[in-house]
Structure formats: C-alpha cells, structure tokens
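J.: Build the 3D model from these lines:
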Amino acid sequence: MRNVITVLCLLFVGTFLIGDTQAQQATPKVSADQVSDDTIQLMRQDIRSDRKKIIAANLPLTEAEAVKFWPVYDRYVAEHSKIYDTRYALIKNYAQNYNTLNDAQAKDMADRIFKYQASRIELKKKYFKEFNKQLPAVTVVKFYQLENRLDLLLDLQLASELPPLLARADATK
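T.: Numbering: from 1, shown residues only. Now for the predicted structure:
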C-alpha cells in the first residue's frame with residue numbers, strides 16, 4: 001500500500017512539474033494579472049478529481065463503507081473548496097503585490113492567512129465527526145493522512161511557484 005501511495009503521489013506531483021516545465025518552454029511567463037479565474041477554476045477541478053482518484057485507490061473501504069463515505073466526502077470537498085477560495089485569493093493578491101508589498105499589507109495578509117488556516121482546521125474537525133458517524137475512527141484517520149499528504153504536495157507545488165520575499169531587492173531592510 002505504501003508503494004501505491006508513493007507512486008500516486010509522485011505521479012500527482014510529476015503531473016504538475018512536467019506540465020510546468022512544458023509550459024515554461026512553450027510560452028513566456030504569465031503575470032498574475034493575466035491568469036484568469038476560469039483557468040484557476042479548471043485547474044482546481046482537475047486537482048479535486050485527481051485527489052478523489054488517489055483517495056479511492058488508497059483508502060480501503062468496503063462497499064458498505066464507500067456508500068456512506070463518498071456523500072460525506074463530497075460535502076467536505078464542497079466546503080473545502082469555499083475555504084480554498086480564500087487561499088487562492090491570498091495567493092493571487094500576493095503575486096500581484098509582491099514587488100510593492102508594504103508592512104501594512106503584509107500584516108493584513110498574515111492575519112488573513114491565519115484566519116484561513118484556522119478555518120481549514122475547524123472544517124477538518126467538523127468533518128472528522130461527520131465521517132466518524134459513518135466509519136470507524138481508524139478509517140477516518142487514514143483518510144486524513146491521505147488528505148494531509150496531498151495537501152503537503154500541493155503546498156510544495158504552490159510554494160515552488162511563488163517567489164519568496166527574501167528574493168526581493170529590499171529583503172535586507
């Protein structure tokens with residue numbers, strides 16, 4: 001099972017990396033202003049679809065458990081998507097203001113990031129209870145392990161795409 005998860009995770013990340021490499025070779029860099037919300041939505045839809053496939057392939061569920069799990073999962077993803085709207089707005093804002101970000105904007109952004117992270121944790125706690133009404137806690141924890149690993153992979157991909165503030169010319173200030 002561990003090998004299957006590893007292979008799927010590598011494929012998941014590889015898809016991003018290969019796609020990004022090909023996009024860089026085929027087209028010039030696109031600024032944050034040029035990235036349409038439609039493009040972001042399509043990308044997010046693909047990610048959700050891939051996540052569901054990875055979870056289905058790696059979360060051992062009986063037929064009876066699957067019938068109970070997937071409707072709760074779909075509700076979780078719907079709420080999760082709303083919270084991720086905040087995250088993508090933050091990323092877009094950061095990318096647009098990277099070169100001119102001042103202290104007040106940075107503080108506001110940090111506050112919004114902390115609120116986003118808190119809402120993400122609250123959602124996971126809420127749905128732990130919902131999943132656990134349908135499935136044993138051990139199965140729910142296995143699901144959250146998969147979720148967390150996929151989140152880490154996505155976070156790594158996003159982090160590699162965004163320039164760190166340390167790269168700015170005024171980073172020594």
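
J.: now this structure, which segments are flagged as low pLDDT?
T.: Within the chain, the stretches with pLDDT under 70 are 1-49, 163, 165-173.

J.: hmm, 80 instead?
T.: Within the chain, the stretches with pLDDT under 80 are 1-49, 95, 98, 155, 157-173.

J.: Quick check: buried residues in the helix with the most length in the chain?
T.: The longest helix of the chain (DSSP state H) is helix 63-97. For helix 63-97, burial by neighbour count (16 or more other C-beta atoms under 10 Å) applies to 69, 72-73, 76, 80, 84, 86-88, 93-95. All C-beta atoms are positioned from the backbone trio N, CA, C, and that covers glycine.

J.: counting contacts, what elements does it pack onto?
T.: helix 37-58, helix 103-134, helix 137-161 (3 or more C-beta pairs under 8 Å, 6 or more residues apart in numbering; DSSP states H and E).

J.: Mind putting these into CSV with mean neighbour count?
T.: Shown next, in CSV, are those (neighbours: other C-beta atoms under 10 Å):
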stretch, mean neighbour count
helix 37-58, 14
helix 103-134, 13
helix 137-161, 15
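
J.: So which of those helices is nearest Ala64?
T.: Evaluated over the helices and strands packed on helix 63-97, closeness to Ala64 peaks at helix 103-134, with 9.8 Å, by C-beta to C-beta.

J.: on that earlier part again, could you save the buried residues of helix 63-97 as JSON lines and add columns showing distance to Leu156?
T.: Formatted as JSON lines, the buried residues of helix 63-97 follow (distance: C-beta to C-beta, whole Å):
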{"residue": "Phe69", "distance to Leu156": "27"}
{"residue": "Val72", "distance to Leu156": "27"}
{"residue": "Tyr73", "distance to Leu156": "23"}
{"residue": "Tyr76", "distance to Leu156": "22"}
{"residue": "His80", "distance to Leu156": "18"}
{"residue": "Tyr84", "distance to Leu156": "16"}
{"residue": "Thr86", "distance to Leu156": "20"}
{"residue": "Arg87", "distance to Leu156": "15"}
{"residue": "Tyr88", "distance to Leu156": "16"}
{"residue": "Asn93", "distance to Leu156": "21"}
{"residue": "Tyr94", "distance to Leu156": "17"}
{"residue": "Ala95", "distance to Leu156": "17"}
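
J.: between those, which is closest to Lys126?
T.: Closest approach between those and Lys126, by C-beta to C-beta: Tyr76, at 8.8 Å.
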